[in-house]
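Peer 1: Have a look; sequence and predicted model below, questions after that.
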Amino acid sequence: MNERRILEALANEPTRRQAIAGVAIALGGLVLGSTKAWAGTEDGISHTADAIHQEPVFTASRKRVYDALTDAKQFDKVIQLSGAMQAMHLPDKPAEISREAGGAFKLFGGYIMGRQVELAPNERIVEAWRTGGWNPGVYSIARFELVEQGSGTKIIFDHTGFPQGEAEVLASGWKAHYWEPLEKLLA
């Protein structure tokens, strides 16, 4: 009688293939559901406030945009145009930006720092990115995908992995201290 119950129980359990398919369907639902998390957000912050997605467009080539983001002298001009150094009373140190994967960068007087994870010239920049106000060892991922948009360039920007509660200030900071001054520089 025990063997019969065991066989019945095993017959009612899903096969390994069914279990894998169920997990795949569940994860697919999570991915599809995550697109709804972005719906209706004007500031580019997900409803769960754990990611930022922005798509600024510039009237410049992908090369020009890439160079402005990866060349320290050009990015110093972005910093000056942003006014952040004066507003935040940051030390007046020039930007340091390595143009090699694995290299370090320090921006805004060293307040923003990190490592270049991936550099695909004129196409993509991926950074391990942090502010000086975060706990030591805490890094987020900032991804800049450069896409041709007519005669200009759209940056498909995603920022993830930052500390909880930082989304709003980071989203406004990207706009005010990166996109707006970058637009002025590239005009």
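Peer 2: Received it, and whenever you're ready, just let me know what you need. Numbering: from 1, shown residues only.

Peer 1: Checking S172 next. Helix, strand or coil?
Peer 2: Assigned by DSSP: H, G, I helix; E, B strand; the rest coil, the conformation of S172 is helix.

Peer 1: Could you report the pLDDT at it?
Peer 2: Looking at S172, its pLDDT is 95.

Peer 1: Would you map the strands across the protein?
Peer 2: According to DSSP state E, the chain carries its strands in the segments 51-54, 57-58, 96-97, 104-107, 112-120, 124-131, 140-149, 152-160.

Peer 1: closest to S172 out of those strands?
Peer 2: Taking CB to CB, strand 51-54 is the member of these nearest to S172, at 10.0 Å. In short, each C-beta sits where N, CA and C put it, glycine included.

Peer 1: what's in contact with the closest one?
Peer 2: Strand 51-54 has contacts (CB atoms under 8 Å, 6 or more residues apart in numbering) with 38, 44-46, 155-160, 167, 170-171, 174-175, 179.

Peer 1: Just give me how far that strand sits from the chain centre.
Peer 2: Relative to the centre of its chain, strand 51-54 is centred 7 Å away, using CA atoms, centre = their mean, to the nearest Å.

Peer 1: for that strand, which positions count as buried?
Peer 2: Using 16 or more other CB atoms under 10 Å as the test for burial, strand 51-54 gives A51, I52, H53, Q54.

Peer 1: and if you look at stretch 91-103?
Peer 2: Applying a neighbour-count criterion of 16+ other CB under 10 Å, one finds A95, I97 buried in stretch 91-103.

Peer 1: what about that stretch, average pLDDT?
Peer 2: Confidence for stretch 91-103, expressed as mean pLDDT, is 95.

Peer 1: how far does it sit from the chain's center?
Peer 2: Relative to the chain's own centre, stretch 91-103 is displaced by 18 Å; criterion: CA atoms, centre = their mean.

Peer 1: Name the residues that touch that stretch?
Peer 2: By CB under 8 Å, 6+ apart, the surrounding residues in contact with stretch 91-103 are 70-73, 75-76, 79, 85, 104-110, 115-119.

Peer 1: give me that answer again for 7 Å
Peer 2: Stretch 91-103 is contacted by residues 70-72, 75-76, 79, 85, 104-107, 109-110, 115-119 when judged by CB atoms under 7 Å, 6 or more residues apart in numbering.
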